[in-house]
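Peer 1: Predicted model and sequence below, questions to follow.
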Amino acid sequence: MPLFFCDRFRYCLLSGSWFRPSPTDKGIRMAGTVSVVGLYILDVLGRHMSQMPPVGSSDRIDEIRLTVAGTAGGTAVDCAKLGMQTVGFGAVGSDDNADVLLDLMRRHGIETAFMQRLADTTTSSTILPILPSGERSAWHAPGASSAFSPSPADLMRAVESDFVHLGGTGRLDAFDGPASRNFLAQAKQADCITTLDLIGARAEVSALVDPLMPYVDYYVPSIEEVSRLTGYEDVEAAAEHYIALGAGHCCITLGAQGSYIRAADGACHRIPAIQQIEILDTTGCGDAYSAGLIVALDQGWDLEFCGYFATAASALVATGLGSDAGIVSRQETKALAEQHYRRFANA
């Protein structure tokens, strides 16, 4: 439905009339662009497995899928499914897994021209047996992402987007440290909105994450990750730690407890999880939260509703197998977010 917007009313070209949106109608506008930089992985997932079969035997399971994953790859796919123009910046190997991963990205509408294809190496890949609870273990082959080192020309292209998401700090051996800090500083100089997620949280990763904070508008870790990095188990203390280091916002996901958003100006929001879903697989829920946050910010919605939209995206991914499952469209995700918002925001 073609619309014109003003502060309080909208005009519909089809009906030829002005109308006032409902209080929970956050609106849908033309999507912006996002560059998703960092860790791209090909996931091989199977559900559901309660135990390994004995050596030399086999068991039947319900489903096996190949998906684009990783703290960059999963976020890129979900941004694209939610309607954003998405450009991928990462590295794959020279193997068949690279062909599959790049083909899957293109099917989702992600621009792959800036994905590096590295000779004599394998694509980062993970095997994930999914338990009946939706939880999982993993076997991971690091591969090409460890050698990801974008050219200055590629980084110049990356900061032409409205948003820059850096995903995978802690596992990007060739890009972690000063290279990542300089890139995020470049993105801020170009007036990009920057978001950050890490992986493989361990004590030494703090030295990689902390210097990035002055250049990060939205830092999106999990409570488990920040607890390992900071020693704080209290979410408010953990968020304040990163705000003090210069982050514009710290958005900490809390699993079944939802998420906590803290802004540098003191605003804070606790967003409850969506409980009315059947969880098949929690793989990629954090990546979906990052994507939902980016898309909601691009729409210009208020910070609290951005948290609700990110929560809806994360919940939808948990209803299917793999990082690209569950999400159908921005409109459907927004409808779930609004339903969740009405239930809790004014409680």
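Peer 2: Perfect, I can see it now. On a predicted model such as this, the values are computed, not experimentally measured, just so you know.
Peer 1: Quick check: which ranges of the chain have low pLDDT?
Peer 2: Within the chain, the stretches with pLDDT under 70 are 1-30, 346-347.
Peer 1: now the helices for it?
Peer 2: Using DSSP state H, the helices assigned to the chain run over residues 73-81, 96-107, 152-158, 178-189, 206-209, 223-230, 235-244, 285-299, 303-317, 330-344.
Peer 1: Can you lay out those helices as a markdown table showing distance to Thr126?
Peer 2: The C-beta positions use only the backbone N, C-alpha and C, and glycine is treated the same way. As requested, those are exported to a markdown table (distance: least, CB to CB, whole Å):
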| stretch | distance to Thr126 |
| --- | --- |
| helix 73-81 | 11 |
| helix 96-107 | 11 |
| helix 152-158 | 25 |
| helix 178-189 | 22 |
| helix 206-209 | 21 |
| helix 223-230 | 18 |
| helix 235-244 | 27 |
| helix 285-299 | 13 |
| helix 303-317 | 16 |
| helix 330-344 | 26 |
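Peer 1: OK, contacts around the residue nearest to Val226 when sequence neighbours are not counted?
Peer 2: Leaving aside its chain neighbours, Val226 sits nearest to Ala238 (4.2 Å; criterion: CB to CB, 6 or more residues apart in numbering). Applying CB atoms under 8 Å, 6 or more residues apart in numbering, we find Ala238 in contact with Ile223, Val226, Ser227, Thr230, Tyr232, Cys250, Ile252.
Peer 1: Go again with 6 Å.
Peer 2: If a contact means CB atoms under 6 Å, 6 or more residues apart in numbering, then Ala238 has Val226, Thr230, Tyr232 as its contacts.
Peer 1: Could you do Glu225 as well?
Peer 2: Glu225 is in contact with Ala201, counting by CB under 6 Å, 6+ apart.
Peer 1: Now Gly284: phi and psi?
Peer 2: phi 80, psi 0 (degrees, to the nearest 10).
Peer 1: burial measure for it, as a count.
Peer 2: Residues lying near Gly284 (other CB atoms under 10 Å) number 32.
Peer 1: hang on, isn't it packed against Gly74?
Peer 2: Yes: between Gly284 and Gly74 a contact is recorded at 4.4 Å, counting by CB atoms under 6 Å.
Peer 1: which residues are common contacts for those two?
Peer 2: Counting by CB under 6 Å, 6+ apart, the common neighbours of Gly284 and Gly74 are Ser323.
Peer 1: that older thread, among the helices of the chain, which is the most enclosed?
Peer 2: Most buried of the helices of the chain, by mean neighbour count (mean count of other CB atoms under 10 Å): helix 73-81, with a mean of 32.
Peer 1: Who are the packing partners of that one?
Peer 2: Counting contacts by 3 or more CB pairs under 6 Å, 6 or more residues apart in numbering; DSSP states H and E, helix 73-81 packs against strand 33-38, strand 85-89, helix 285-299.
Peer 1: Any idea how far the longest one is from the middle of the chain?
Peer 2: On the basis of CA atoms, centre = their mean, to the nearest Å, the separation between the geometric centre of helix 285-299 and that of its chain is 6 Å.
Peer 1: Repeat that for stretch 78-88.
Peer 2: The chain centre lies 11 Å from the centre of stretch 78-88; the measure is CA atoms, centre = their mean.
Peer 1: end-to-end on it?
Peer 2: Taking CA to CA, to the nearest Å, the first and last residues of stretch 78-88 lie 12 Å apart.
Peer 1: and what of stretch 103-111?
Peer 2: Stretch 103-111: ends 11 Å apart by CA to CA.
Peer 1: quick one: contacts of it?
Peer 2: Contacts of stretch 103-111 (CB under 6 Å, 6+ apart): Val68, Ala76, Val77, Ala80, Thr86, Val87, Gly88, Thr112.
Peer 1: Same question for stretch 309-324.
Peer 2: 45, 47, 63, 65, 67, 69, 74, 77, 271, 274, 277, 279-285, 287-289, 291-293, 296, 325-327, 333, 336-337.
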